[in-house]
Structures are given as C-alpha cells and as structure tokens.
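Peer 1: sequence plus predicted model, see below.
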Amino acid sequence: MKGFLQIFFYTVLSACLLALGIPNEFFHFGSPFIGLFSLAPLYLAFNACPNYKKAGTIGALHFSLVHILSSFWLANFKGFAIFTLGASAAAYFVAGYVFGLVLYLPFSNKKNKLTSPYQDKYYFPTRILYFACIWTIHEWYKSVGFLAYPWGTVLMSAYKWKLLTQIVSITGTFGLSFLFSLFSAVIGEGIIILKEYPKRTFSGYNWTVAFCMVIFGLSTVYGVFTYTKTRTPIKTFDAVLVQQNSDSWEEGGQDNSILKAQNLTEAAVMDFYQKTDTKPDIVLWNEAILTYALPDSYLYYNAYPRENPLVKSIRKLNIPHLIGGPILVNEEENLFSNSVIFFEKNGDMGKWYGKIHLVPFAEAIPYADNPLVKKLMDAMVGFSSGWTPGKELTLFQLENKQGQNINFSTPICFEDAFADLCRLHFLNGSEVFVNLTNDSWSLTKSAEYQHFVIASYRAIECRTTLVRSTNSGFSVVVDPAGNILDSMPLFESVSKTMTIPVYERIYTPYVITGDIIQYFAIFFALLVIFRFKIFQKNS
C-alpha cells in the first residue's frame, strides 16, 4: 500500500507541475523553471513501479490529469463539452496507458544482472535518453494528424526563455520537448542514485549529465547569436486589428458583432489618420464574424446590417478588409468552408482561404454521412454536419502605401498551432502569417495565452512575422525572434493600428527539413527496445 501511495503521489505531483509550467491562470505565460523539473516525479514513479500493469496506469493517470488541469476550459465549448473535454480526457487515458507500457521498458529490467548499474555502464544513459525520446515521440504524436492537440505539452512551458526557444528554427518545437524531458530524466535519475546508491558514482550517469549540460549550453549559445541578431524590415504595412469581444453564439449576434467591429474600425482609422495624415493599409477582423455564406450572400451584406451595411462601409473607408466567414464550396451537397475573405478597398470580394485543419468533432465530424453517426450527433449536440476542409493554400497580396506588395497567408484559428501547415504556407511564398481567431468561448485567460504561446513558435521556426487578430485575445504582433512587438488586452472591446514589419524570407533549417527530430527519437527508442529484449532473452 505504501508503494502504491508513493507512485500515486509522484504521478499526481508531476501532472500538477506540468500543468503549472504550461500557461495557466496563475502564470499566464507559463513557467520554464517548473516545466524543466515537471517530469522528474514521473520518472521516479516509473522507477518505483513493480510491473507493467501499474506502469500503464501511471501513464493513463498522468496524461488524463494533465489534460484536465491544463485544458479545463474545453468544457466551455457549449454542447460539445462531452467531446472537447470528456471524450478527449478518455482518449488521453487510453493513450497514456499505452505510452506507460512503452516508457516502463528500461525500468522493468533494473534488477536484471545484465542491465544492473554494476554490470552495464550504459544502464543510466539508456534509461535517461530512452525516457526523453519516448516523451518527445509522445508530444509529436499528439500534435499531428486529425486528432492533433499540441496543448498540454512540456514544450509550451519554455516560452519565456527566449534564448532557448530559438532552437526551434532548427529542430522545431520537439527539440524543446527533448531538452526539457531530458533534464527531468537526469534529475530523476540523480535522485534515484542518491537514494539507492549513496556511496557510489557511475561514469555513465556522469557522462549523461555532461551531455545534457553541453546540449543546453550549445542551444543557449545559438540562442544568443540568433536572438540578438539585428533584423531590419525590408518593408512594413499598417494594419488595424479589431477585437470586438462579442459572444459568437449569441442569438442574432451577427449584426451586433459587425456593427461593433465597424465602430472600432472607424475609431482606429480616424485616430491613425489624425496622427499620420494617412490611412492604414488593411483592416483585420477575426474568425467567423460573418454567418451567411459568401459569395451568395454578397448582396445581403450590401444591405445589412441596416444601420451600416458591411460592403458599403468598406467602400466608404476605402481600405481592404480581411474578415472571417463561411464560403459555399458546393451548392448541390450544401458544403461550407470556414474561411477568411479578402475584401478589396472598393468592397469587392477577392480571394479567400478555407481552413484546412479542422477542429475534430467540433468542425469536422468523422463519418458524418453515416445515418447512425448523424442520429447520435443530433441527439447529443443538436446537429451533425461540420465544415468542409479547405483543399489548397491561398497566398494573399496587399499593396502598402509605398507601393510595395506584401504576400501573406492566413492560417485560421488553431491552425497557427501546427508547424507543418504553417511551414507549407511559408514555402508557398508567405512573408507574414496573419491569423484570425475566435477563442472567446473559452472564457479564460489561460486558454487565450496557451493558444498564443503555441502560435508564437511559428514566427521563430520560419523567422517571419506573426499577426494574430482575435475576437477576445490574444491579439498581438510577434517578430521573427518570438518577441511581442504590440498587443491588446484580453476580453476587451478594443482596436488598434499596428505597424507590421516584413522581413526578408530566410529558409531556416526547420523550413528546409520540417520535423525530423522525432525520427531520431524513434530510431533510438527502437534500438533500446531491441537491446532490452535481447538481454531478457539471454538472461
């Protein structure tokens, strides 16, 4: 019983530390220091675990608890809470059980004479590196694919250490996963040695500590070099960011949202004109502010809202607008895309981009055409149809006051959390990432800051500017080093004209290779599994 309580305590402690390291209601941008140590108790839990069954339980408890503690705000997603929080927590319980079994492998052999610290100099390095590799694979696996959800990852806790986060331009964010999990494993193993072998030293462990220090040192040196590098914009443009802070689920709320956005836009344009005697180059609203599908509803928006029709107001300001709304992509099948639409300064509808990576079970429902799935979804959440995913990347072009063209892409809402998609936007010619988001439903600061922290890594990976114009926050401009250049407060109706710098496009190592560190982690993990299985067979 004592052993079980110890394992349980270590597991819960690790989950709580990780949730505190990730941006939360107490530490809005997270705590790198807490994140750095957060997995050490989990390492101790696996070391104290007597068998694979309990190891699977450890993993299941940890994964689901971290998810609930860090993403509790998913329960605010109206009727979808049963999926967004309930089903996802259950899924992480199952995934955690599987990863727990895999993580336990080197700990299961600690009493084997062929793998004891007395007989095997690779005993400690193998356990430590294996743990770091499996954790890196875990954070990569949960961050890609249809069910991708990169929230709740230890890499999120690194945000405030700007010198260290610069390595994502080489390794992607999973380099941070490896560094932080490696450090925790080194600390965990050190505690075990002090407890179980207080009078002995092990060269294998010492070399692993040295390796950890070296890669942290090299990462920091690279960070100093790149973070302090002078970057001069080759051009700029002035954008009005509009944060109307309206309830997107409010009954009949479209007109109110549009009118509020229009008033905020006009106030910002007037203020900018009085200060500079010029107009901004573009107005950025946010995701899904329009509810009627274009292009069929274009005439509707010529007449509504009645107090200030949308198209006429754009034409009056004579400034291009980027606005989120639905696009009818297939009239026969009644298919719609969650999109951003570029309105020319004369009010004409220009290019549009359809969201490619949809939110599972909220925007995209698997097997939605199946009658049983349709009936179940209608009964549980009130509807069974979702958005149609976009089919292609769209490169928008804007001409600034100096007559220069700016090419930009528009990952929508949580698409800015996915490095692989944003990398494709960059390779498609994008000079600036312009993200339109609506996270107002979350009702929590932690949700807004978590989304921002994940998105901020895209600027570093591609060494480009990231602009986020949101309904309620965090509306912000981020430079290629990950610094905040300008921002607006959360959950306030506010607008502001921000000068957006555009830098020369540079093909970073990450842009060239994409995410590859996980493949090295998989290769090493397979070697360890093979090695331990051979030892078990021969013992």
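Peer 2: Sure, I can see it.

Peer 1: now name the helix or strand holding F33.
Peer 2: When secondary structure is defined by DSSP states H and E, F33 falls within helix 32-37.

Peer 1: roughly how far is the following helix or strand past that helix from the heart of the chain?
Peer 2: Downstream of helix 32-37, the first helix or strand assigned by DSSP H and E is helix 40-48. Mean-position distance between helix 40-48 and its chain equals 27 Å (Cα atoms, centre = their mean, to the nearest Å).

Peer 1: convert helix 40-48 to PDB, retaining C-alpha atoms only.
Peer 2: The C-alpha trace of helix 40-48 is given here as PDB (Å, rounded to 0.1, in the frame of the first residue of the first chain):
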ATOM      1  CA  ALA A  40      11.200  14.200 -12.800                       C
ATOM      2  CA  PRO A  41       8.500  12.900 -10.400                       C
ATOM      3  CA  LEU A  42       7.000  10.800 -13.200                       C
ATOM      4  CA  TYR A  43      10.500   9.300 -13.800                       C
ATOM      5  CA  LEU A  44      10.600   8.400 -10.100                       C
ATOM      6  CA  ALA A  45       7.100   6.900 -10.400                       C
ATOM      7  CA  PHE A  46       8.200   4.500 -13.200                       C
ATOM      8  CA  ASN A  47      11.300   3.600 -11.200                       C
ATOM      9  CA  ALA A  48       9.200   2.600  -8.200                       C
END
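
Peer 1: quick check on V502: phi, psi?
Peer 2: phi -120, psi 130 (degrees, to the nearest 10).

Peer 1: R306 is in what secondary structure piece?
Peer 2: Assigned by DSSP H and E, R306 belongs to no helix or strand.

Peer 1: now the closest residue to it other than its chain neighbours: how far from G325?
Peer 2: Nearest residue to R306, sequence neighbours excluded (Cβ to Cβ, 6 or more residues apart in numbering): D255, at 7.9 Å. (Glycine included, C-beta is placed from N, CA and C.) D255 sits 14 Å away from G325, going by Cβ to Cβ, to the nearest Å.

Peer 1: between those two, which one's more packed in?
Peer 2: Taking other Cβ atoms under 10 Å, D255 and G325 do not tie; G325 has more neighbours (25 against 15).

Peer 1: who's the more buried one bridged to?
Peer 2: Beta bridges link G325 to S339, judged by DSSP bridges.

Peer 1: I'd assumed S339 was in contact with it.
Peer 2: Yes - using Cβ atoms under 8 Å, G325 makes contact with S339 at a distance of 6.5 Å.

Peer 1: quick one on the thing from earlier: ok, the residue nearest to R306 touching P305?
Peer 2: Yes - D255 lies in contact with P305 (Cβ under 8 Å); the separation is 4.1 Å.

Peer 1: quick check on A158: phi, psi?
Peer 2: Residue torsions, per degrees, to the nearest 10, at A158 are phi -80, psi -10.

Peer 1: burial count for it?
Peer 2: 26.

Peer 1: from F216, how far out is it?
Peer 2: 12 Å.

Peer 1: what's the answer for T464, then?
Peer 2: According to Cβ to Cβ, T464 stands 26 Å off from F216.

Peer 1: who has more neighbours, these two?
Peer 2: Per other Cβ under 10 Å, whichever of T464 and F216 has more neighbours is T464, with 27 against 15.

Peer 1: got a list of what N308 touches?
Peer 2: By Cβ atoms under 8 Å, 6 or more residues apart in numbering, N308 lies in contact with 258-259, 262.

Peer 1: one more: E25?
Peer 2: E25 touches 444-446, counting by Cβ under 8 Å, 6+ apart.

Peer 1: please pick the buried ones from those.
Peer 2: 444-446 (16 or more other Cβ atoms under 10 Å).

Peer 1: take the contacts of N308 and write them to TSV, including secondary structure and pLDDT.
Peer 2: Shown next, in TSV, are the contacts of N308 (DSSP: H, G, I helix; E, B strand; the rest coil; pLDDT from 0 to 100):
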residue	secondary structure	pLDDT
I258	helix	95
L259	helix	95
Q262	helix	97
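
Peer 1: ok, so of the residues you listed, who is nearest L18?
Peer 2: Ranked by distance to L18 (Cβ to Cβ), these are led by I258 at 41.0 Å.

Peer 1: which ones are touching the residue lying closest to the closest one once chain neighbours are set aside?
Peer 2: Excluding its sequence neighbours, the residue lying closest to I258 (Cβ to Cβ, 6+ apart) is P305, at 5.5 Å. Each residue near P305 by Cβ under 8 Å, 6+ apart is listed here: 255, 258-259.

Peer 1: what about the contacts of N308, which one has the most neighbours?
Peer 2: I258 (25 neighbours).

Peer 1: was I right about that one contacting I289?
Peer 2: Yes - between I258 and I289 there is a contact at 6.6 Å, judged by Cβ under 8 Å.

Peer 1: quick one: the strands in the stretch 151-300 of the chain, in order.
Peer 2: In the stretch 151-300 of the chain, the strands defined using DSSP state E, counting those that start in this stretch lie at 235-243, 282-284.

Peer 1: hmm, who's touching the last one?
Peer 2: In this case it means strand 282-284. Under the criterion Cβ under 8 Å, 6+ apart, residues 237-242, 265, 269, 317, 319-322, 398, 434, 436, 467, 469 lie in contact with strand 282-284.
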